[in-house]
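J.: Need the 3D shape of this:
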Amino acid sequence: MFGLLGCSSARDMTDFRDTYDWGDLSRVPHRPSPEQRFQARDGTMLLYRSYGGQSPIDLILVHGSGSDSVYLSLLATRIASSDIVRVWTPDVRGHGPSPQRRGDIDYIDQLEDDLADLSAWIRSMNPRGILVLGGHSSGGGLVIRFAGGSYRGTADGYLLLAPFLQHDAPTLRPQVGGWATPKTSRIVALNVLNAMGIRRLNGLTTIEFNLPLARRNGDETLSYSYRLMTGFNPRNYESDLGALEEPTLVVVGTDDESFYAEEFAGVFGAFTPHAQVELIPDVKHLGLVVEAVVPPLVVEWLERSVL
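T.: Below you'll find the model as predicted:
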């Protein structure tokens with residue numbers, strides 16, 4: 001077993017190919033909202049950006065794997081322009097321009113605790129407001145994990161944009177469409193060790209991301225430790241989705257490179273039957289956060305189902 005913990009990646013990480021249509025992000029402004037920080041329970045000051053002023057609805061929108069909140073700026077700006085929503089885009093711990101430890105956290109559930117701390121802080125400033133938690137890709141997976149765990153009931157609604165569910169979910173293309181390379185044998189070994197209560201090796205790298213060299217600027221996060229990888233994903237997507245009792249909107253592009261869009265309706269129909277599932281024709285994974293059709297769809301859902 002311990003020999004497996006030293007396994008190398010299944011491919012040479014210098015051999016990158018473009019998994020996504022990165023040209024979609026060329027429409028994202030180069031000047032997102034200024035960086036601000038809130039204090040988590042361990043005293044760490046974590047980065048976030050906000051869009052819009054005080055509004056009836058606060059929407060926390062969590063970014064996907066390997067990135068930070070900058071690429072969500074256009075989507076956040078458009079949603080906030082409705083004047084009924086203030087959008088908050090945090091940089092998940094272990095990500096962004098200046099993380100404590102890039103690609104790592106202190107313990108598996110820390111991302112949930114951070115999200116709970118941000119939620120409580122926002123509610124303290126707008127106690128009569130409505131709180132909606134949202135996420136794109138792995139960010140959606142974190143929101144699902146959060147909703148199905150000890151913080152169940154914290155939010156008044158959920159927005160899931162092409163959410164990652166689990167490695168064995170019917171929605172997932174092989175290796176997330178080529179974006180991620182997991183160290184499968186190491187993950188299996190660490191799963192066994194954690195089941196035995198042994199966690200001292202949870203800082204080992206267990207997944208790497210296929211970000212082309214041309215897309216790197218120094219703020220990217222190219223790999224995750226076991227504890228960050230695990231904490232960013234649902235515990236069990238079936239039970240976590242079953243815990244979603246609040247209004248839920250799921251939006252996926254039909255041409256998503258990482259997910260089989262047509263499978264989402266069946267999965268959510270089985271475990272979250274009240275969820276509204278919308279497929280956006282001819283839109284890819286990253287295109288979902290820049291297409292002009294998405295913000296009005298989100299705002300209309302918020303007005304009808306949450307407000």
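
J.: Give me the contact list for stretch 231-242.
T.: Here stretch 231-242 makes contact (CB atoms under 8 Å, 6 or more residues apart in numbering) with 65, 92, 105, 107-112, 138, 141-142, 144-145, 147-149, 164-166, 169, 224, 267-268, 271-272. Glycine gets a C-beta too; all of them are placed from N, C-alpha and C.

J.: I'd like to know which of those are part of helices.
T.: Judged by DSSP state H, the contacts of stretch 231-242 include 110-112, 138, 141-142, 144-145, 147-148, 267-268, 271 as members of helices.

J.: which parts of stretch 211-228 are buried?
T.: 211, 220, 221, 223, 224, 225, 226, 227, 228 (16 or more other CB atoms under 10 Å).

J.: returning to that earlier point: which one of the ones in helices among the contacts of stretch 231-242 is nearest residue 176?
T.: Closest to residue 176 out of the ones in helices among the contacts of stretch 231-242 is residue 138 (9.1 Å), distances taken as CB to CB.

J.: doesn't residue 166 make contact with the closest one?
T.: No. With contact defined as CB atoms under 8 Å, residue 138 does not count as touching residue 166 (11.4 Å).

J.: more crowded one of the two?
T.: residue 138 (26 against 17; other CB atoms under 10 Å).

J.: Which residues lie in contact with residue 180 in this structure?
T.: 65, 207, 208, 209, 210.

J.: quick one: it from residue 303, how far?
T.: 36 Å (CB to CB, to the nearest Å).

J.: What is the three-state secondary structure of residue 288?
T.: Secondary structure state of residue 288, per DSSP: H, G, I helix; E, B strand; the rest coil, is helix.

J.: ok, and the closest non-adjacent residue to it?
T.: Leaving out its chain neighbours, the residue that sits closest to residue 288 by CB to CB, 6 or more residues apart in numbering is residue 253, at 5.0 Å.

J.: and the one you found, what pLDDT?
T.: Looking at residue 253, its pLDDT reads 98.

J.: what pairs with it across the strands?
T.: For residue 253, the beta-bridge partners are residue 280 (DSSP bridges).

J.: burial measure for it, as a count.
T.: 24.

J.: What residues does it make contact with?
T.: 162, 261, 279, 280, 282, 283, 284, 285, 287, 288, 291.

J.: so which of those would you say is closest to residue 20?
T.: Closest to residue 20, out of all of the contacts of residue 253 and judged by CB to CB, is residue 285, at 5.5 Å.

J.: which residue ranges form the strands in the stretch 151-300 of the chain?
T.: 157-161, 180-182, 205-209, 223-225, 248-253, 276-280 (DSSP state E, counting those that start in this stretch).

J.: among those strands, which is nearest residue 100?
T.: strand 223-225 (12.5 Å).
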